[in-house]
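Engineer: 3D model of this:
(chains A, B, C and D)
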Protein chains: 2
Amino acid sequence: MKPQYAVGALSALAHPGRLEIFRLLVRAGPEGVAAGEIARATGSLANTLSANLSVLAGAGLIGSRREGRSIIYSAAYERMRELLAFLMEDCCGGNAEICAPLAAIAERAACCASSTMRSSGTA
Amino acid sequence: MKPQYAVGALSALAHPGRLEIFRLLVRAGPEGVAAGEIARATGSLANTLSANLSVLAGAGLIGSRREGRSIIYSAAYERMRELLAFLMEDCCGGNAEICAPLAAIAERAACCASSTMRSSGTA
DNA sequence: TCAATATTTCGAGAATTCTAGAATAGTCAA
DNA sequence: TTGACTATTCTAGAATTCTCGAAATATTGA
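Structural biologist: Numbering: from 1, shown residues only, chains lettered A, B, ... in the order given. A predicted model of the protein is given here:
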């Protein structure tokens, strides 16, 4: 990911309303949520919400599809992964021996820790 | 991590100069880098750099310590891990195949979480 | 076609952020 | 103390972002 795209993505998320929207979509999963339902869930005005969705979409963090009268928005998980990977690229100069002993601290951060799928070794 | 702190951290990173500084410090490891060296590496004016370092420190993303005439800045890896964990909290509604790669990234963020810096003003 | 629903676009004022020059403060050595 | 070095704070104008009312666009059903 290019730095300029990362700045765009971070700028998009650096806003209380947009961060709330994005996290709502991240929790909702790939099926997504209709704009109107997002407006209801966040208490936003329709035009303000639309502007914020537009910023998030412009940053590539969310996608959309029309379904009848509604437009369904969903998180762009791959883009999100790219952003997180960018932030910790070459962390500690790539010295794995420094990083390894402390990896256990973050175990609780795994969002699907109770699932059957393990995340070991996937980077 | 509270949403308002996440917004603060994301705002701090949503700036080309500050993102470059932060990534430089993430790569540098726990030992950190002197402000003057950061200025040289990024081509920033001293006062502009100082303002940007102040924003990053205020967001809790970096810490500092004095060493002689220099002030050494270093990444706050634990804070970084908290931010990444916050972004993917309750992600994907149980779809492990989506979450797994993200969780692996969050674990790597803990790689250097052994800092003993003072972190200024994050309350 | 007309009306209702769902969402986006336009416009402008308020608030915030960014940058650089100048001045200030802390540290060290002689 | 003086002087060199390192870094921060102050300040103001320029640029950008945020928000909401109003108007416009797109879709569906009668």
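
Engineer: Output the contacting helices and strands for the helix or strand harbouring A:V26.
Structural biologist: Per DSSP states H and E: A:V26 is located in helix A:16-28. When contacts are defined as 3 or more CB pairs under 8 Å, 6 or more residues apart in numbering or on different chains; DSSP states H and E, helix A:16-28 sits against helix A:3-13, helix A:35-42, helix A:46-58, strand A:62-67, strand A:70-75, helix B:3-13, helix B:77-87. Where C-beta positions appear, they are placed from N, C-alpha and C, glycine not excepted.

Engineer: For the nearest residue in space to A:S11 that is not next to it in sequence, report the pLDDT, please.
Structural biologist: Counting by CB to CB, 6 or more residues apart in numbering or on different chains, A:S11 lies nearest to B:A14, which is 3.9 Å off, once chain neighbours are set aside. B:A14 is assigned 98 on the pLDDT scale.

Engineer: Now do the contacts for B:A14.
Structural biologist: A:V7, A:L10, A:S11, A:L13, A:A14 (CB atoms under 8 Å, 6 or more residues apart in numbering or on different chains).

Engineer: Just give me the closest of those residues to B:S74.
Structural biologist: For the contacts of B:A14, the minimum distance to B:S74 (CB to CB) is 20.4 Å, reached by A:L10.

Engineer: Nearest spatial neighbour of that closest one, chain-adjacent residues omitted?
Structural biologist: B:A14 (3.9 Å).

Engineer: I figured A:R27 hits B:L87, correct?
Structural biologist: No: if you go by CB atoms under 8 Å, A:R27 and B:L87 don't touch, sitting 11.1 Å apart.

Engineer: If you count surrounding residues, which of these two has more?
Structural biologist: Higher neighbour count among A:R27 and B:L87: B:L87, with 22 against 16, using other CB atoms under 10 Å in any protein chain shown.
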